[in-house]
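Asks: Sequence and predicted model, in that order:
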Amino acid sequence: QALASTLRPAIERGEFRLDYQPLVGMSDGRLRGVEALVRWDHPRFGLLSPNRFVALAEEDGSIVPLGRWVLATACRQARRWQLDNPDDPPLFVSVNVAVRQVWDSDLVADVAEILAETGLAPHLLQLELTESAVMGSAGRPLQALQALSDMGVGIAIDDFGTGYSNLAYLSRLPVSVLKLDGSFVRGFQYESDKEGATPPNPADQVVVEAMIDLAHRLGLTVTAECVETSAQATRLRSIGCDTGQGWLYSRPVSPDRISELRGTAE
Ligand code: G
Ligand code: G
Ligand code: MN
Ligand code: NA
């Protein structure tokens with residue numbers, strides 16, 4: 001694959017960058033943290049979405065150096081926001097981690113080193129893993145998750161609800177946050193919101209309500225992805241969802257834009 005063979009040199013040439021999407025407290029609408037999302041500013045193909053290259057990078061192993069770059073860049077940025085706004089509550093940064101980074105790299109040592117170098121407090125870093133990455137995790141991956149959690153780093157399950165969704169099992173892992181997959185939130189759309197919107201799906205609403213309730217009883221917090229309308233936000237808030245992410249609040253944006261959003265939020 002042409003793209004795959006150029007991934008490693010592209011990391012060295014500095015062709016990747018991170019955008020950040022706000023994570024907002026549902027009770028007060030305030031910015032709490034951001035999710036870091038990688039983009040490839042390709043010299044020939046222009047700006048490439050992670051959907052174009054993350055799977056390739058996982059296949060050929062370049063996700064390990066790329067993932068390390070993402071972690072270091074996101075932690076450095078989070079620390080910079082904190083130093084620039086010493087009087088505000090600090091933002092946390094949530095970073096996507098591929099399965100292979102847990103299996104093939106010394107993720108725990110990398111994270112410890114990056115936190116020490118950047119001076120970011122461990123509780124201001126959250127790692128997002130998919131359900132399939134942690135389900136049935138035993139041995140090395142489980143030890144890694146436990147070590148990260150013991151350091152104070154948050155562990156979130158990304159796209160929750162799309163896999164086996166075994167909450168009882170998840171609660172025995174060192175997981176602190178569920179990120180409810182956008183496909184559930186879509187059923188929360190109401191006709192008043194948008195022309196031609198997806199009709200509300202009562203089954204989705206029942207499932208989401210039960211998942212939030214169970215998650216809370218198991219000591220987890222819940223973030224809803226893909227919140228696009230204020231009706232969805234109102235409904236999610238009323239059933240106790242803790243944090244929201246989606247176009248209603250903001251698309252993924254540059255670090256400068258996050259600083260501006262912060263300035264206007266207070
Ligand atoms: O930004 P966008 O919504 O297009 O992201 C698409 C997908 O790419 C999402 O599933 C997201 O989790 C994944 N992704 C974005 N950034 C990273 C990253 O730094 N590492 C990994 N492993 N996946 C990422
Ligand atoms: O898989 P993960 O959740 O990490 O990826 C986040 C992806 O979801 C990014 O590509 C981001 O651009 C996309 N996204 C974020 N907010 C919304 C939204 O409100 N609606 C839709 N359709 N996609 C969103
Ligand atoms: Mn994610
Ligand atoms: Na997600």
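Replies: Structure received. If you're wondering where the values come from, they're calculated on a predicted model, not measured in any experiment. Numbering: from 1, shown residues only. Ligands and ions are numbered 1, 2, ... in the order given.
Asks: How about the residue of the stretch 151-266 of the chain found nearest ligand 2: what's its closest non-neighbour residue?
Replies: As assessed by CB to the nearest ligand atom, ligand 2 sits closest to Gly246 within the stretch 151-266 of the chain, at 3.0 Å. For glycine as for every other residue, the C-beta is placed from the backbone atoms N, C-alpha and C. In this structure, Gly246 finds its nearest non-sequential neighbour in Val227, 3.5 Å apart by CB to CB, 6 or more residues apart in numbering.
Asks: Then Ala57?
Replies: Ile63 is the one closest to Ala57 (CB to CB, 6+ apart), at 4.1 Å.
Asks: The protein: strands as residue ranges?
Replies: Along the chain, counting by DSSP state E, strands occupy 16-25, 31-42, 46-48, 92-96, 125-130, 154-160, 177-180, 221-224, 243-244.
Asks: where are the low-confidence patches of the stretch 101-250 of the chain?
Replies: 136-137, 189-199 (pLDDT under 70).
Asks: For it, which residue gets nearest to ligand 1?
Replies: Asp158 (6.0 Å).
Asks: number of nearby residues for that residue?
Replies: If you count neighbours by other CB atoms under 10 Å, Asp158 ends up with 23.
Asks: same thing with the one 4 residues further on?
Replies: The tally of other residues near Thr162 (other CB under 10 Å) stands at 15.
Asks: and what of Val227?
Replies: Count around Val227 with other CB under 10 Å applied: 25.
Asks: What residues does it make contact with?
Replies: Residues near Val227 by CB atoms under 8 Å, 6 or more residues apart in numbering: Val185, Ala233, Leu236, Gly244, Gln245, Gly246, Trp247, Leu248, Tyr249.
Asks: Whichever of those residues end up buried, select them in ChimeraX.
Replies: Filtering the contacts of Val227 down to the buried ones (16 or more other CB atoms under 10 Å) takes a single ChimeraX command:
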select :185,233,236,244,245,246,248,249
